[in-house]
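Participant: what's the 3D shape of this:
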Amino acid sequence: MGNEKKKSSGTRASVLHSQSLDELKASAAQLQEQLFKMKMQHSTGQLANTASIGIARKELARIKTIETLKTMKTAK
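Facilitator: Take a look at the predicted model:
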């Protein structure tokens with residue numbers, strides 16, 4: 001019962017930590033573009049799954065946080 005794993009549609013943090021800074025920046029740019037498209041679809045009533053906007057925002061925040069951590073680590 002308590003052993004079920006929560007399904008996540010986003011990327012795991014451990015996978016993001018293993019990516020390079022350039023890969024993270026590319027992922028963030030791609031996700032921002034995708035988020036923009038989803039917002040446009042939502043405003044025109046074409047987006048079926050509105051929860052995907054929140055998921056994408058959290059994923060983008062996760063990527064940017066790891067990006068900042070890596071930048072701070074290399075600055076030391």
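Participant: please make it C-alpha for all contacts and neighbour counts, starting now.
Facilitator: OK.
Participant: burial check on E67, number of neighbours?
Facilitator: Counted with other CA atoms under 10 Å, the neighbours of E67 add up to 22.
Participant: does it touch D22 like I think?
Facilitator: No - using CA atoms under 8 Å as the test, E67 is too far from D22 to be in contact (9.2 Å).
Participant: return the distance of K37 relative to G54.
Facilitator: K37 is 13 Å from G54, where distance means CA to CA, to the nearest Å.
Participant: repeat for L16
Facilitator: 19 Å.
Participant: so those two - more neighbours on which side?
Facilitator: When L16 and G54 are compared for neighbours, L16 comes out ahead with 17 against 11, by other CA under 10 Å.
Participant: in contact with that one, which residues?
Facilitator: 24, 63, 66 (CA atoms under 8 Å, 6 or more residues apart in numbering).
Participant: mind putting these in a markdown table, neighbour count included?
Facilitator: Output for the contacts of L16, formatted as a markdown table (neighbours: other CA atoms under 10 Å):
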| residue | neighbour count |
| --- | --- |
| L24 | 20 |
| I63 | 22 |
| I66 | 17 |
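Participant: name the nearest of the residues you listed relative to T74.
Facilitator: T74 has its nearest neighbour among those in I66, at 12.4 Å by CA to CA.
Participant: helix/strand/coil for T11?
Facilitator: Taking DSSP: H, G, I helix; E, B strand; the rest coil as the rule, one finds T11 in the coil state.
Participant: could you do A26 as well?
Facilitator: helix.
Participant: for it, give its distance to T65.
Facilitator: 14 Å.
Participant: T11 now?
Facilitator: T11 is 13 Å from T65, by CA to CA.
Participant: could you do Q32 as well?
Facilitator: When distance is defined by CA to CA, Q32 is 15 Å away from T65.
Participant: name the residue in those two with the higher neighbour count.
Facilitator: A count of neighbours by other CA under 10 Å puts Q32 above the other of Q32 and T65, at 15 against 12.
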